[in-house]
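Asks: sequence and predicted model, in that order:
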6 protein chains.
Amino acid sequence: QEASQDPAEETWLPSLMTETPAEGFDLAVSMARKAVTTTQTDIDALHALRPNYAHDPQSLIDVSGVVADYFATVAAANDYWRE
Amino acid sequence: QEASQDPAEETWLPSLMTETPAEGFDLAVSMARKAVTTTQTDIDALHALRPNYAHDPQSLIDVSGVVADYFATVAAANDYWRE
Amino acid sequence: QEASQDPAEETWLPSLMTETPAEGFDLAVSMARKAVTTTQTDIDALHALRPNYAHDPQSLIDVSGVVADYFATVAAANDYWRE
Amino acid sequence: QEASQDPAEETWLPSLMTETPAEGFDLAVSMARKAVTTTQTDIDALHALRPNYAHDPQSLIDVSGVVADYFATVAAANDYWRE
Amino acid sequence: QEASQDPAEETWLPSLMTETPAEGFDLAVSMARKAVTTTQTDIDALHALRPNYAHDPQSLIDVSGVVADYFATVAAANDYWRE
Amino acid sequence: QEASQDPAEETWLPSLMTETPAEGFDLAVSMARKAVTTTQTDIDALHALRPNYAHDPQSLIDVSGVVADYFATVAAANDYWRE
């Protein structure tokens, strides 16, 4: 498989397991952002874009939808944090 | 895992379990909004955007789709509230 | 959990169970609409928007996609109405 | 549950079960269309829209995505037509 | 169910089972295209659209998303090609 | 089934199994890109498009959503890398 060689790359996502749903939500947000920074590696370029999407309702709605997709996977991984 | 340090952050989503589907739907709506406020933390800026999306059919349709994604996860977590 | 206090709110979705797939589809349509009316509570404002999306192919396609998302959850809840 | 009173309404989707994946795909296409005709009941208005979406690559891509969502549910209902 | 009468229609998707993930991906691509040709049956009209979407980043991203939806179903059907 | 004849085609996705979630994420990214290069085979044409989507917040958000869809499948395939 196409393993990422860079050790830092490896450890950004050691596991999908979290203690609580809130932590799972944070993880989903970080995964959503990671996919963006994997595509656009120039962080300054990304920061320059922030005013656009952070004030655009359509973008904010779409961001929420993307987080929902990652969260669905994290929640399933954690068996929905059932007691 | 990237635990959120702010205790208030921790308690906004203590569990995915709800008594009824209607409560599950409310939870999905609150999670959809939480992803937006996590991205755009300036609440005044968000309120200023409301007239745009609340009167834009495309945005309202997309909001419904995002709620559907969160609801799918909450419903699975609650085993679809089967008796 | 953030229980909705208004009893009418509680009873709009007492269960995800339906007798038939057609009823499940109706329920999915009503949930898709509910997410819109939860976001834009002004029904007159919503009716004013109807000519826009009801004659816009892109919106109609997107509405169908949103119903599909809710229907997927309702169908799973009903174990796909298997005999 | 909000049962559809019109008997014709009831029988359009008696079951999610089909003999073959190809039939399951046809059913998904018909469900995608049903969601549109449920939203826009004026068939002439819909036919008038056809030239727009049938020649718009973005719409055609989105239609395919909607069919994929319905097909995912039909395929799960039929246990993926495993022998 | 609304069975497709045309035998050629029947055999385009005899099964969701494939030998390998790569073949499963090919099948997902062909299903994504089939949904388009089911909607727009005029192949020449479709070919005329190619320059638009094949050089439009947004369309290419959306095509990838649609393939992902079909692939998810094919992968589940094949139990993820687990040994 | 429509098996891809080109051996190189066959081996790009020998398996969905990866050692870690981070590798699973990389695989999802590569599958998302593969669907694009399957649609637009002209790599130079694709590279010419990069400045557009890599500096467009909407595209970057949508790319993240597409990766989420592929990742969901890879994660399920790997049983969420549960110990």
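Replies: Sure thing, it's come through.

Asks: so who does residue A:58 touch?
Replies: B:53, B:58, B:59, B:62, F:58 (Cβ atoms under 8 Å, 6 or more residues apart in numbering or on different chains). The way it works is simple: take the backbone N, C-alpha and C, and place the C-beta from them, glycine included.

Asks: ok and whichever strand or helix holds it relative to helix F:57-77, angle-wise?
Replies: For residue A:58, the element it lies in under DSSP states H and E is helix A:57-77. Put simply, helix A:57-77 runs at 10 degrees to helix F:57-77, going by axes from the mean of the first three to the mean of the last three Cα atoms, to 10 degrees.

Asks: quick one: average pLDDT of helix A:57-77?
Replies: Mean pLDDT, computed over helix A:57-77, is 97.

Asks: picking that back up, quick check, nearest of the contacts of residue A:58 to residue A:18?
Replies: Nearest to residue A:18, judged by Cβ to Cβ, of the contacts of residue A:58 is residue B:62 at 27.5 Å.

Asks: near that closest one, how many other residues are there?
Replies: 22 (other Cβ atoms under 10 Å in any protein chain shown).

Asks: and for it, nearest residue in space, chain neighbours not counted?
Replies: Spatial nearest neighbour of residue B:62, excluding adjacent residues (Cβ to Cβ, 6 or more residues apart in numbering or on different chains): residue A:61 at 4.9 Å.

Asks: now swap in residue A:45 and tell me
Replies: Per Cβ to Cβ, 6+ apart, closest to residue A:45 is residue F:55, 6.3 Å.

Asks: now swap in residue A:54 and tell me
Replies: residue B:40 is the one closest to residue A:54 (Cβ to Cβ, 6+ apart), at 4.8 Å.

Asks: what's the answer for residue A:49, then?
Replies: Nearest one to residue A:49, counting by Cβ to Cβ, 6+ apart, is residue F:57 at 4.6 Å.

Asks: contact partners for that neighbour?
Replies: By Cβ under 8 Å, 6+ apart, the neighbours of residue F:57 are A:49, A:52, A:53, A:56, A:59.

Asks: check contacts around the last one.
Replies: By Cβ under 8 Å, 6+ apart, the contact list for residue A:59 reads A:52, A:53, F:57, F:58, F:61.

Asks: which of the helices or strands spans the residue nearest the centre of chain A?
Replies: By Cα atoms, centre = their mean, chain A has its centre lying nearest to residue A:31, at 1.9 Å. Residue A:31 is located in helix A:21-39, with elements delineated by DSSP H and E.

Asks: about what we covered before: spatially, which two of the contacts of residue F:57 are the most separated?
Replies: Across the contacts of residue F:57, the two lying at the largest distance from each other (Cβ to Cβ) are A:49 and A:56, at 10.5 Å.

Asks: how about the residues of chain A near chain B?
Replies: Counting by Cβ under 8 Å from any Cβ of the partner chain, the residues of chain A close to chain B are A:14-15, A:17-23, A:25-27, A:29-30, A:53-58, A:60-65, A:67-69, A:71-72, A:75-76, A:80-82.

Asks: restricted to buried residues, select those in PyMOL.
Replies: With 16 or more other Cβ atoms under 10 Å in any protein chain shown as the criterion, this PyMOL line picks the buried residues out of these:
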select buried, chain A and resi 15+17+18+20+21+22+23+25+26+27+29+53+54+55+56+57+58+60+61+62+63+64+65+67+68+69+71+72+75+76+80+81
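
Asks: isn't residue A:27 right up against residue A:20?
Replies: No - Residue A:27 is not in contact with residue A:20 according to Cβ atoms under 8 Å; the separation is 10.6 Å.

Asks: which residues do those two both contact?
Replies: With Cβ under 8 Å, 6+ apart, residue A:27 and residue A:20 have no common neighbours.

Asks: quick revisit: count of residues packed around the residue nearest to residue A:54?
Replies: By the measure other Cβ under 10 Å, the count of residues near residue B:40 is 19.

Asks: the one 3 residues further on now?
Replies: Around residue B:43 sit 9 other residues, with neighbours defined as other Cβ under 10 Å.

Asks: does chain E sit close to stretch A:26-34?
Replies: No - figure legend: stretch A:26-34 not in contact with chain E (Cβ under 8 Å from any Cβ); closest approach 14.4 Å.

Asks: residue A:40 versus residue A:48, what's the distance?
Replies: 10 Å (Cβ to Cβ, to the nearest Å).

Asks: make that residue A:32, sorry
Replies: 13 Å.

Asks: repeat that for residue A:82.
Replies: Residue A:82 is 37 Å from residue A:40, by Cβ to Cβ.

Asks: likewise residue A:62?
Replies: The value you get for residue A:62 to residue A:40, if Cβ to Cβ is used, is 16 Å.

Asks: pull the distance from stretch A:18-25 to the chain's centre.
Replies: In terms of Cα atoms, centre = their mean, to the nearest Å, the centre of stretch A:18-25 is set 13 Å apart from its chain centre.

Asks: which of the contacts of residue A:59 lies closest to chain E?
Replies: residue F:58 (7.5 Å; Cβ to the nearest Cβ).

Asks: hmm, back to that, the residue nearest to the centre of chain A contacts residue F:65, correct?
Replies: No - here residue A:31 does not reach residue F:65: they are 11.3 Å apart, not a contact under Cβ under 8 Å.

Asks: and the residue lying closest to residue A:33 once chain neighbours are set aside, what does it touch?
Replies: Spatial nearest neighbour of residue A:33, excluding adjacent residues (Cβ to Cβ, 6+ apart): residue F:64 at 7.8 Å. For residue F:64, the contacting residues are A:32, A:33, A:35, A:36, A:39, A:66, by Cβ under 8 Å, 6+ apart.

Asks: and the two most separated of the residues you listed?
Replies: So for those, where distance means Cβ to Cβ, the most widely separated pair is A:39 and A:66, at 12.6 Å.

Asks: residue A:18 is in contact with residue A:78, isn't it?
Replies: Yes - Residue A:18 is within contact range of residue A:78, at 6.2 Å (criterion: Cβ under 8 Å).

Asks: so what sits against both of the two?
Replies: The contact lists of residue A:18 and residue A:78 share residue A:24, where a contact means Cβ under 8 Å, 6+ apart.
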